[in-house]
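Asks: Starting from these lines, generate the structure:
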Amino acid sequence: MSAVIEEHHGEHHDHKPTGIGRWLFSTNHKDIGTMYLWFSFTMLFVGGALALVIRAELFEPGLQFVEPELFNQMTTLHGLIMVFGVIMPAFVGLANWMVPMMIGAPDMALPRMNNWSFWLLPGAFGLLIASLVMSLMGMGSAPNFGWTFYAPLSTTYGPASTDFFIFSVHMMGISSIMGAINIIATIINMRAPGMTYMKMPIFVWTWFITAYLLIAVMPVLAGVVTMMLFDRHFGTSFFNAAGGGDPVLFQHVFWFFGHPEVYIMILPSFGIISQVVPTFSRKKIFGYSSMVYATSSIAFLSFIVWAHHMFTTGMPVATELFFMYATMLIAVPTGVKVFNWVSTMWRGSLSFETPMLFAIAFIFLFTIGGFTGLMLSIVPADFQYQDTYFVVAHFHYVLVSGALFGIFAAVYFWLPKWTGNMYDEKLGKLHFWLSTISVNILFFPMHFLGLAGMPRRIPDYNLQFAEFNALASVGAFIFGFTQLILLYNIVKTIRGRNTVKATGKVWEGSEGLEWTLPSPAPFHSFSTPPVVK
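Replies: Next comes the predicted model:
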């Protein structure tokens, strides 16, 4: 799928690993990007299968599919796998593939660390999934305390597998920090001569800012799971009120990580949409510098809004007001981005290939997620919405029709560049329409369920919620099985049988906006990295 770096071992002949060695020991950013993307896709089906179990249970009221205890394990692992195993690795994979090529670098700055940061992930998720397998075999319980693992559910009352979970989170965190350091080092040190910061593609900018967010918040997550470990095994009482600790402290530390984490999962999508929309509008992005400043503002504000997840914990009114206004303020730079994308399309020469369709769906549906977020930021309203399906609907609009649709757009957009073959456009459009319709059948009714008072993370519910739940479950199964079309299309494109070869300017008529980027140095020149002036 991509050339392998020629490694010199002090001898005059070149050594090119083949077979499994090519992937195990690869230091080539394209191979590592490919592994991240396939890992993410695999986890999408694992996490998606758990989601389908959840929706099967909620199809109608009354116990019909799984026990309540197993239901809790499903919700916990679904959240953890989707956040840490799907969205984040997919974005890191896209960064690995595209950032060096976009800035004219031959590879990532730290290729061996790049390899290591990937190979930590299968081990980390192997631990998590092993706990579920053991649970299904009747050997204890998988983590069952929700993806936010609030104390004391995860400390005093957590099952033995909580320790697997803690170790798993540490490994994911180390992987993320190493990936982020690599991206920052690459962007700062390896840009082509003449590529100033304000000439970088927006995708590179969004990842540059995201990498700083990762380095800032991943140690906070490591800290909170370490405190959990000490509370569980070493007699401390960080989160145990009986020993002088405070369970609410857990929420503060967790959400100080958790809210910037939400933006880590959406900023790279903003970057992707900022590459796709100009290409299919045949125009340059409207307001380039305002996009860069808006991204920076979002990143800064993401650190001072964490307690909007905690309005019902009983904080002083002044604190509630601060977090309410700070949360509302984030809507401003986000709105700037949406207006800039729409302005880029305005009077452009638009065409609607699959990547553009996903980008337009992203803009529309992500905006719905943004508006419901604005509703949740209003303190008295949040008292009503808190822990209902309204919150579930809100963050799934942001993370499914937001982050995941951004990833879909990127895959269709860059797949011809990665493989040299065009994907099947009819299958792409079929995937788009089925995904977009079903994702709305799945998540839109949840707004009404939440407003009517249906609590989340509950395996059973009152009869009044039955119709909307049945509708959502039907949408879930359509959405889940639709992703098999994407899998088939990708495999078909990679194999290249009966497919059209991609040209140098893949998206003809787009003035080559996407492909006029500096080409990477040839692979044999790895011993002499480019000099940045």
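
Asks: Wasn't residue 460 part of a helix?
Replies: No. Judged by DSSP: H, G, I helix; E, B strand; the rest coil, residue 460 forms no part of a helix; its state is coil.

Asks: Assess the claim that it and residue 65 are in contact.
Replies: No. The pair residue 460 / residue 65 is not scored as a contact, 10.9 Å apart, by C-beta atoms under 8 Å. Every C-beta, even on glycine, is put in place using the N, C-alpha and C of the backbone.

Asks: what's the single longest helix in this protein?
Replies: Looking across the chain with DSSP state H, the single longest helix is helix 202-233.

Asks: Quick check: mean pLDDT of that helix?
Replies: Here helix 202-233 scores 98 as its mean pLDDT.

Asks: Between residue 460 and residue 65, which is the more surrounded one?
Replies: Neighbours were tallied for residue 460 and for residue 65 using other C-beta atoms under 10 Å; the higher tally belongs to residue 65 (16 against 13).

Asks: check contacts around the more buried one.
Replies: 53, 56, 57, 59 (C-beta atoms under 8 Å, 6 or more residues apart in numbering).

Asks: Can you point out the buried residues in stretch 62-73?
Replies: Of all the residues in stretch 62-73, those buried under the rule 16 or more other C-beta atoms under 10 Å are 65, 66, 70, 71, 72, 73.

Asks: Out of the residues you listed, flag the one nearest to residue 19.
Replies: The closest of the buried residues of stretch 62-73 to residue 19 turns out to be residue 73 (C-beta to C-beta; 37.4 Å).

Asks: sorry, back to before: ok, then the element right after the longest helix of the chain?
Replies: helix 247-264 (DSSP states H and E).

Asks: Please could you give me each C-alpha atom of that next one, formatted as PDB?
Replies: Extracted as PDB, the C-alpha positions of helix 247-264 are listed here (Å, rounded to 0.1, in the frame of the first residue of the first chain):
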ATOM      1  CA  PRO A 247     -16.100  11.700  45.500                       C
ATOM      2  CA  VAL A 248     -16.800  15.100  43.700                       C
ATOM      3  CA  LEU A 249     -13.000  15.600  43.500                       C
ATOM      4  CA  PHE A 250     -13.100  12.700  41.100                       C
ATOM      5  CA  GLN A 251     -15.500  14.400  38.800                       C
ATOM      6  CA  HIS A 252     -13.400  17.600  38.800                       C
ATOM      7  CA  VAL A 253     -10.200  15.800  37.900                       C
ATOM      8  CA  PHE A 254     -11.900  13.600  35.400                       C
ATOM      9  CA  TRP A 255     -13.800  16.400  33.600                       C
ATOM     10  CA  PHE A 256     -10.700  18.600  33.500                       C
ATOM     11  CA  PHE A 257      -9.400  15.900  31.300                       C
ATOM     12  CA  GLY A 258     -12.800  14.900  29.800                       C
ATOM     13  CA  HIS A 259     -13.800  18.200  28.300                       C
ATOM     14  CA  PRO A 260     -10.600  19.000  26.400                       C
ATOM     15  CA  GLU A 261     -10.800  15.400  25.300                       C
ATOM     16  CA  VAL A 262     -14.100  16.100  23.600                       C
ATOM     17  CA  TYR A 263     -12.400  18.800  21.500                       C
ATOM     18  CA  ILE A 264      -9.500  16.400  20.800                       C
END
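
Asks: Next, the angle from the next helix or strand after it to helix 247-264.
Replies: As assigned by DSSP H and E, the chain's next helix or strand after helix 247-264 is helix 267-281. Computed by axes from the mean of the first three to the mean of the last three C-alpha atoms, to 10 degrees, the angle separating helix 267-281 from helix 247-264 equals 20 degrees.

Asks: between helix 267-281 and helix 202-233, how many degrees?
Replies: Going by the same axes, to 10 degrees, helix 267-281 makes 160 degrees with helix 202-233.

Asks: Only alpha carbons, please: show helix 267-281 as CSV.
Replies: Provided in CSV are the C-alpha atoms of helix 267-281 (Å, rounded to 0.1, in the frame of the first residue of the first chain):
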residue,chain,number,x,y,z
LEU,A,267,-10.8,19.5,16.1
PRO,A,268,-9.2,17.1,13.5
SER,A,269,-12.6,16.7,12.0
PHE,A,270,-12.8,20.5,11.6
GLY,A,271,-9.5,20.3,9.8
ILE,A,272,-10.7,17.5,7.4
ILE,A,273,-13.9,19.5,6.6
SER,A,274,-11.7,22.5,5.9
GLN,A,275,-9.8,20.5,3.3
VAL,A,276,-12.8,18.8,1.7
VAL,A,277,-15.1,21.8,1.3
PRO,A,278,-12.7,24.1,-0.6
THR,A,279,-11.7,21.2,-2.9
PHE,A,280,-15.3,20.5,-4.0
SER,A,281,-16.2,24.2,-4.0
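
Asks: Run through the neighbouring helices and strands of it.
Replies: helix 88-103, helix 202-233, helix 288-301, helix 317-345, helix 354-377, helix 405-419 (3 or more C-beta pairs under 8 Å, 6 or more residues apart in numbering; DSSP states H and E).

Asks: I'd like the average pLDDT over it.
Replies: So the average pLDDT for helix 267-281 ends up being 97.

Asks: Please export the C-alpha coordinates of stretch 436-452 as PDB.
Replies: Extracted C-alpha coordinates of stretch 436-452, given in PDB (Å, rounded to 0.1, in the frame of the first residue of the first chain):
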ATOM      1  CA  THR A 436     -27.200   9.800   7.200                       C
ATOM      2  CA  ILE A 437     -30.800   8.700   7.300                       C
ATOM      3  CA  SER A 438     -30.300   6.000   9.800                       C
ATOM      4  CA  VAL A 439     -28.100   8.100  12.200                       C
ATOM      5  CA  ASN A 440     -31.000  10.500  12.400                       C
ATOM      6  CA  ILE A 441     -33.600   7.800  13.000                       C
ATOM      7  CA  LEU A 442     -31.200   6.500  15.700                       C
ATOM      8  CA  PHE A 443     -30.400   9.600  17.600                       C
ATOM      9  CA  PHE A 444     -33.100  12.300  16.900                       C
ATOM     10  CA  PRO A 445     -35.900  10.500  18.900                       C
ATOM     11  CA  MET A 446     -33.500  10.400  21.900                       C
ATOM     12  CA  HIS A 447     -34.000  14.200  22.200                       C
ATOM     13  CA  PHE A 448     -37.700  13.600  22.900                       C
ATOM     14  CA  LEU A 449     -37.000  10.700  25.200                       C
ATOM     15  CA  GLY A 450     -34.700  12.900  27.300                       C
ATOM     16  CA  LEU A 451     -37.000  15.900  27.400                       C
ATOM     17  CA  ALA A 452     -39.800  13.500  28.600                       C
END
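
Asks: Can you name the residues in contact with it?
Replies: 55, 357, 361, 365, 372, 385, 388-393, 396-397, 400-401, 456, 464-465, 468-469, 471-472, 474-476, 478-479, 482.

Asks: Take the helices and strands packed on helix 267-281 and lay them out in a markdown table including mean neighbour count and distance to residue 249.
Replies: Shown next, in a markdown table, are the helices and strands packed on helix 267-281 (neighbours: other C-beta atoms under 10 Å; distance: least, C-beta to C-beta, whole Å):
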| stretch | mean neighbour count | distance to residue 249 |
| --- | --- | --- |
| helix 88-103 | 26 | 26 |
| helix 202-233 | 21 | 9 |
| helix 288-301 | 18 | 23 |
| helix 317-345 | 17 | 15 |
| helix 354-377 | 21 | 23 |
| helix 405-419 | 23 | 34 |
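
Asks: Include distance to residue 28 when you put these into a markdown table, please.
Replies: Below are those laid out as a markdown table (distance: least, C-beta to C-beta, whole Å):
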| stretch | distance to residue 28 |
| --- | --- |
| helix 88-103 | 9 |
| helix 202-233 | 19 |
| helix 288-301 | 29 |
| helix 317-345 | 33 |
| helix 354-377 | 25 |
| helix 405-419 | 13 |
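
Asks: I'd like to know which of the ones you listed is closest to residue 146.
Replies: The minimum distance between residue 146 and these falls on helix 202-233, with 13.8 Å, by C-beta to C-beta.

Asks: Which elements pack onto the closest one?
Replies: When contacts are defined as 3+ C-beta pairs under 8 Å, 6+ apart, helix 202-233 sits against helix 88-103, helix 162-189, helix 247-264, helix 267-281, helix 288-301.
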